[in-house]
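**Student:** Give me the fold of what follows.
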Amino acid sequence: MPRTPTGSGVDSFRVHPGAAESPVILHVPHSSRVVPESARAGIVLDDAALERELDHLTDAHTARIAALAADSAAVTPWRFVNGLSRLVVDPERFPDEREEMAAVGMGAVYTRTTHREPLRADGFDPRPLVERYFLPYARAVQEAVADRLAATGRAVVIDVHSYPTAPLPYELHGGGERPPICLGTDPFHTPERLTSLAREAFGGFGGTGLDSPFAGTYVPLAFYGRDPRVSALMVEIRRDQYMAEPGGAPGPGLDALAGALAALVDGAGAG
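**Tutor:** Got it, this is the predicted structure:
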């Protein structure tokens, strides 16, 4: 059964257990559209504008892709799934001055929309949202990675995202290539073998690219740049491969993508 957090972050994410011998964690941070009323109160958009913003920002159906991949993998991976929209907090941002997206109002707590318009009022205090949602999430991912290290001697974090076919105004690096599958890498945490496995697994979708338009991987800060036993790769799927944009229903490509992700999981889990 899925495990839910307790305390201040209740119901904000779920850890779906996998096989005891699997080192793989499928991390799905941006698939939800849920905005609790306590967070909605600080957003200045009306309901219609909020729905449009959620259409643009949500990595729709990626939780389903990850679940299907987990079900069909030879050895079931673990899944860590965010239950809240990234408009509440974005768990993959730095919560401080290290975050480059803060320049466009999209740090750990967003203050601007995808079109660089006001999302929250000037002077909004992000600290309550950071304390209630961001910090418990970060601790829980760290614990999940530590658990895989203790059980298997290594951990492989595969970040599952999607991105729009056309760049949005908030993108700092939107002028680069937008391949069907973008692989985000880290020089310390992404071994060449993991990248090669991903290229092979997703080879049937018209091409893969590296770190464009989105780069990097997600590794808990306790391990980042320190522990080579933690490997990580970001998989960014261009949305026209599996859904109607923006925010529409899934299409026939979804099952094929889930199968490719399962193949990556199997390869990564094999060591």
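**Student:** and Gly271, how many neighbours does it have?
**Tutor:** Per other Cβ atoms under 10 Å, the neighbour tally for Gly271 reads 10. The way it works is simple: take the backbone N, C-alpha and C, and place the C-beta from them, glycine included.
**Student:** which ones are touching it?
**Tutor:** Arg154 (Cβ atoms under 8 Å, 6 or more residues apart in numbering).
**Student:** Quick one: list the elements packing against the host helix or strand of Ala138.
**Tutor:** Assigned by DSSP states H and E, Ala138 belongs to helix 135-152. Using 3 or more Cβ pairs under 8 Å, 6 or more residues apart in numbering; DSSP states H and E, the elements in contact with helix 135-152 are strand 13-16, strand 24-28, strand 78-82, strand 155-163.
**Student:** got the buried residues for it?
**Tutor:** Neighbour-count burial for helix 135-152, counted by 16 or more other Cβ atoms under 10 Å, picks out 135-138, 140-141, 144-146, 148-149, 152.
**Student:** And stretch 244-258, by the same measure?
**Tutor:** 246-247, 253-254, 257-258.
**Student:** So which of these sit within strands?
**Tutor:** Secondary structure from DSSP state E places none of those in strands.
**Student:** Let me know the closest of these to Pro23.
**Tutor:** Proximity of the buried residues of stretch 244-258 to Pro23 was ranked by Cβ to Cβ; the top entry is Ala258 with 20.1 Å.
**Student:** what's near enough to touch the closest one?
**Tutor:** The contact partners of Ala258, by Cβ under 8 Å, 6+ apart, come to 64-66, 68-69, 72.
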